[in-house]
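1. based on what follows, work out the 3D shape:
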Amino acid sequence: MLRWIAAACAAWLGWAGAAPAQGQAQDFPSRPITMLVVFAPGGATDVLARIVADHMSRTLNQRVVVENVSGAGGTIGGARGAQAAPDGYTLTVGSLGSHSAAPSIYRSIQYDPRELQPIGLIAGTPLYFVVRNGHPAQDMRQFLAMAREAPGRISNGHAGIGSTNHLACALFAHITGVEMNNIPYRGEGPAMNDVVAGQLDSACLLAPAAVPQIQSGTMRGLLIAATERSAGAPAVPSAPEAGVADYIFQGWNAVFAPRGTPEAVVQRLDGALRAALTDPAIRARIESLGSVPATPAAMGPEALRNLVRTEVERWAVVVRAARISEP
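-> Residues are numbered from 1 along each chain as shown. The predicted structure follows:
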C-alpha cells in the first residue's frame, strides 16, 4: 500500500512539474525572442539572420530581435546562446566556423555544437575572394603573381580566428601556396568595410556580404569559390575560370536553441523558420545575395543535427592539417 501511494505521489509530482512547462510551450511565444548573431553587423550571418527574423516575427506574432555578440570567431556569442534558458526565447544564428570548426580550434570553447538543439538551416553561402577598388591586380592570375613576388605584403582580412572566412582563407593559401598578411577582425562586416574604404587589399567574404558590394561597384570580385558563376554577381569568374580549380568552398548559416528546449517550442520555431524559407519573396531575396536557401530536404532540426555532426568531424581533420589554433 505504501509503495502504491509513493508511486502515485511520484507520478502526480511528475505530472504537476510537466504541466506548467507544457502550458508554457502552448503559449509560446508570449514575449519577444532574442536572436543572437555571433558576428558583428554587416556580415553574411547578420544579413541572413535579419531576413528570417523579420519574417518569423510576423509568423509568431512576436518580435524577433537580432542582437550581435561578436568575438573569438563567433564562440563568445555561441557560448551565450548555449547557456541561455532553454525556453525558446534566446536563439543563436551560427555558421560553419562557429558551430562546426570552433571545437577543434578553441581550447576554451564553452559549448559543443552537437549538444545544442538545432532549429534549422537558413542557407548555404558561397564564398568570394575580393579586392579593393584600385588594387592593381585585374584578375586572380595577376593577384597570385603579385602575392608570390612579395610574400606577406598583401593584406587579407577575415572574420576572426576559426570563422568560416578564416577557414576559407586558409584553404586558399594552402591551394595557391601564397603568403599574405592575414588580419583577423571581429566579424565579416568590419573586414568588408575596410576593403570598401581601401584600407585592406583583399578579403574572403561570403556571398551576402560580398555580392551587394560587388553589384554596387565598391569592391571587385576576383573569383567565386564554386564551379560555376553566380547569378548574383555574374561577372565574377568561377574558381576554374580564375585558374584555381580546386578552390571550392561553401559556408552555411543556421539557427540553434539551447539544449533542453521543449519539443513543442522547437516545433513552433521550426515552423516559423520553414514559413520564412518557403516564402517566394524571402527565397528570392536570399538568392539575390548569392546564397542558396535551404531546400525542403535540408530544413528542420534533424537535418541540421546531421549536418553539424558531419561538419564537426570533417573540419577537425582540416584544422589539424592546417595547424589552426586559438590565439
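
2. show me the residue at the heart of this structure, geometrically.
-> S95 (2.3 Å; CA atoms, centre = their mean).

3. hmm, it is touching V47, no?
-> No: contact criterion CB atoms under 8 Å: S95 and V47 do not qualify, at 12.0 Å. C-beta here means a position set from N, CA and C on the backbone, and glycine is covered the same way.

4. please name the nearest non-neighbouring residue to the residue nearest to the centre of the chain.
-> T164 (4.8 Å; CB to CB, 6 or more residues apart in numbering).

5. and the one you found, how close does it get to A197?
-> Computed with CB to CB, to the nearest Å, the distance linking T164 and A197 is 22 Å.

6. looking at those two, which is more packed in?
-> T164 (35 against 10; other CB atoms under 10 Å).

7. can you name the residues that contact the more buried one?
-> Residues near T164 by CB atoms under 8 Å, 6 or more residues apart in numbering: A44, S95, L96, G97, S98, A101, T125, L127, L206, G251.

8. ok, of these, which come out buried?
-> A44, S95, L96, G97, S98, A101, T125, L127, L206, G251 (16 or more other CB atoms under 10 Å).

9. just the closest of those to S70, please.
-> Here the nearest of those to S70, counting by CB to CB, is S98; it sits at 10.2 Å.

10. can you tell me the SS state at that closest one?
-> helix (DSSP: H, G, I helix; E, B strand; the rest coil).

11. check the one 10 residues further on too.
-> When classified by three-state DSSP, S108 comes out as coil.

12. any residues touching stretch 266-281, and which ones?
-> Residues contacting stretch 266-281 (CB under 8 Å, 6+ apart): 25, 28-29, 51-52, 55-56, 59-60, 88, 91, 117, 119-120, 122, 255, 257, 282-283, 293-294, 296, 299-301.

13. out of these, which are buried?
-> Looking at the contacts of stretch 266-281 with 16+ other CB under 10 Å, the buried ones turn out to be 25, 28-29, 51-52, 55-56, 59-60, 88, 91, 117, 119-120, 122, 255, 257, 282-283, 293-294, 299-301.

14. pretty sure H166 belongs to a helix, no?
-> Yes: counting by three-state DSSP, H166 falls inside a helix.

15. that one against P184, yeah?
-> Yes: at 6.9 Å, H166 counts as touching P184 under the criterion of CB under 8 Å.

16. shared neighbours of these two, anything?
-> Contacts common to H166 and P184, judged by CB under 8 Å, 6+ apart, are H158, A159, G160.

17. ok, back up a step: now the buried ones among the contacts of T164 in a markdown table, with distance to M219 and pLDDT?
-> Formatted as a markdown table, the buried ones among the contacts of T164 follow (distance: CB to CB, whole Å; pLDDT from 0 to 100):
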| residue | distance to M219 | pLDDT |
| --- | --- | --- |
| A44 | 15 | 93 |
| S95 | 21 | 96 |
| L96 | 23 | 95 |
| G97 | 22 | 93 |
| S98 | 24 | 95 |
| A101 | 26 | 94 |
| T125 | 17 | 92 |
| L127 | 14 | 95 |
| L206 | 14 | 93 |
| G251 | 19 | 93 |
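
18. surely A322 meets C169?
-> No: using CB under 8 Å as the test, A322 is too far from C169 to be in contact (10.2 Å).

19. what about the two, which has more around it?
-> Set A322 next to C169 and count neighbours by other CB under 10 Å: C169 wins out with 25 against 16.

20. hang on, the earlier thing: mark which of the buried ones among the contacts of stretch 266-281 are part of helices, please.
-> A25, I51, V52, H55, M56, T59, L60, I282, R283, P301 (DSSP state H).

21. with respect to G217, which of those is nearest?
-> I51 (23.2 Å).

22. the closest one against A284, yeah?
-> No: counting by CB under 8 Å, I51 stays clear of A284, with 10.9 Å between them.

23. just after the helix or strand bottoming out on mean pLDDT in the chain, pick out the following helix or strand.
-> Using mean pLDDT, DSSP states H and E, helix 2-27 stands out as the lowest-scoring helix or strand of the chain, at a mean of 48. Sequence order places strand 33-37 as the next helix or strand after helix 2-27, per DSSP states H and E.

24. distance between that next one and the chain's centre?
-> Averaging C-alpha positions (CA atoms, centre = their mean, to the nearest Å) puts strand 33-37 14 Å from its chain's average.
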